[in-house]
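Visitor: dropping the sequence and predicted coords here.
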Amino acid sequence: MLILPKQNALFYHVYKVAGSSIRNALLPYARKSQVYGQLLNHALLVSRLPRFSNPLLQYHPKLKDVRSELGDGFYAYYRFAFVRNPLDWHKSLYHFMLKKQHLPGNRRIAGMSFSEYLEWRMDTELRFQSEMIHDGDELLVSDIFHFETIQEDFERVKGRIGIAAELPHLNKAGSGHKLDVSPKVLQRFLEVHEREYQRLGYNQPIYMSNPSFEAMSE
């Protein structure tokens with residue numbers, strides 16, 4: 001999460017949605033004290049030392065906590081976030097958790113297929129992007145943009161807040177690592193995430209009976 005004071009804007013970073021690329025493009029316009037505070041807070045986290053509780057000094061705070069910290073000033077900002085197709089988002093999380101062996105989640109899903117991972121998520125630890133940018137039914141951002149059209153959408157952001165930043169062209173990752181999802185698990189996933197697709201502005205995708213697809217970078 002970054003505040004751009006001169007642009008009167010706030011970028012909320014939904015993890016695994018090319019946020020690092022967007023963040024790096026926005027850093028020259030960000031409040032420096034916040035950037036340095038976030039770096040320090042992250043170092044404390046990695047070192048397993050007590051961290052600052054201020055949500056402005058966290059990379060991925062709850063947006064409703066940011067609102068509480070900023071008070072009425074929260075609504076004065078132009079607030080925006082990028083999201084991605086829920087199934088693709090979970091595929092990115094799956095790859096990330098398998099890669100990061102130090103994470104507790106790595107031990108939980110080690111050896112799971114993607115279908116098994118999705119079932120584990122739905123049975124024990126559901127996560128929704130929409131919950132990060134909503135407080136109940138209230139949408140806490142001014143605009144939602146999409147990973148699938150990130151270059152075009154970032155151009156819209158630039159025009160809206162008046163900056164001259166550029167994003168790198170994102171490449172497809174995971175070549176040779178297509179993942180299959182069983183029709184039964186896919187059907188359940190789409191049913192569980194029906195409202196999620198709607199809240200994020202997606203039509204539910206229509207896949208083949210045994211779909212496979214490539215992961216996108218970040």
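Guide: Everything's here; your move.

Visitor: which elements pack onto the top strand by length along the chain?
Guide: The longest strand of the chain (DSSP state E) is strand 78-83. For strand 78-83, the elements it packs on are strand 9-12, helix 130-133, strand 143-146, helix 150-161, judged by 3 or more CB pairs under 8 Å, 6 or more residues apart in numbering; DSSP states H and E. Placement of C-beta: from N, CA and C, glycine included.

Visitor: recalculate using a threshold of 7 Å.
Guide: Strand 78-83 sits against strand 9-12, strand 143-146, helix 150-161, with contacts defined as 3 or more CB pairs under 7 Å, 6 or more residues apart in numbering; DSSP states H and E.

Visitor: neighbouring strands - and their directions - for the next helix or strand after the longest one?
Guide: Read it as helix 150-161. Downstream of helix 150-161, the next assigned helix or strand under DSSP states H and E is strand 179-180. Next to strand 179-180 in the sheet, as set by DSSP bridges, lie strand 212-213 (antiparallel).

Visitor: contacts for the helix or strand hosting Arg199 next, please.
Guide: Taking DSSP H and E as the definition, Arg199 sits inside helix 194-200. The set of residues external to helix 194-200 that reach it, using CB atoms under 7 Å, 6 or more residues apart in numbering, is 83, 86, 128-130, 144, 204.

Visitor: select only the buried ones of these in ChimeraX?
Guide: To isolate the buried members of the contacts of helix 194-200 in ChimeraX, using 16 or more other CB atoms under 10 Å:
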select :83,86,128,129,130,144,204
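
Visitor: out of the contacts of helix 194-200, what pair is the most spread apart?
Guide: Ile144 and Gln204 (16.7 Å; CB to CB).

Visitor: quick one on the thing from earlier: how far off centre is the helix holding Arg199?
Guide: Between the centre of helix 194-200 and the centre of its chain there are 15 Å (CA atoms, centre = their mean, to the nearest Å).

Visitor: check contacts around the most centrally placed residue in the chain.
Guide: Centroid-nearest residue in the chain, with CA atoms, centre = their mean: Val14, separated by 2.5 Å. By CB under 7 Å, 6+ apart, the contact list for Val14 reads 81-83, 129, 132.

Visitor: format these as TSV; extra columns: pLDDT and distance to Leu179.
Guide: Compiled in TSV, the contacts of Val14 are given as follows (pLDDT from 0 to 100; distance: CB to CB, whole Å):
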residue	pLDDT	distance to Leu179
Ala81	97	26
Phe82	97	23
Val83	96	20
Gln129	95	19
Met132	94	24
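
Visitor: how about stretch 115-125: buried residues?
Guide: Those buried within stretch 115-125 under the rule 16+ other CB under 10 Å are 115, 117-119, 121-122.

Visitor: which of these lies closest to Gln58?
Guide: Once CB to CB is applied, the member of the buried residues of stretch 115-125 that ends up nearest Gln58 is Arg121, at 23.3 Å.

Visitor: list the contacts of the closest one.
Guide: 90, 127.
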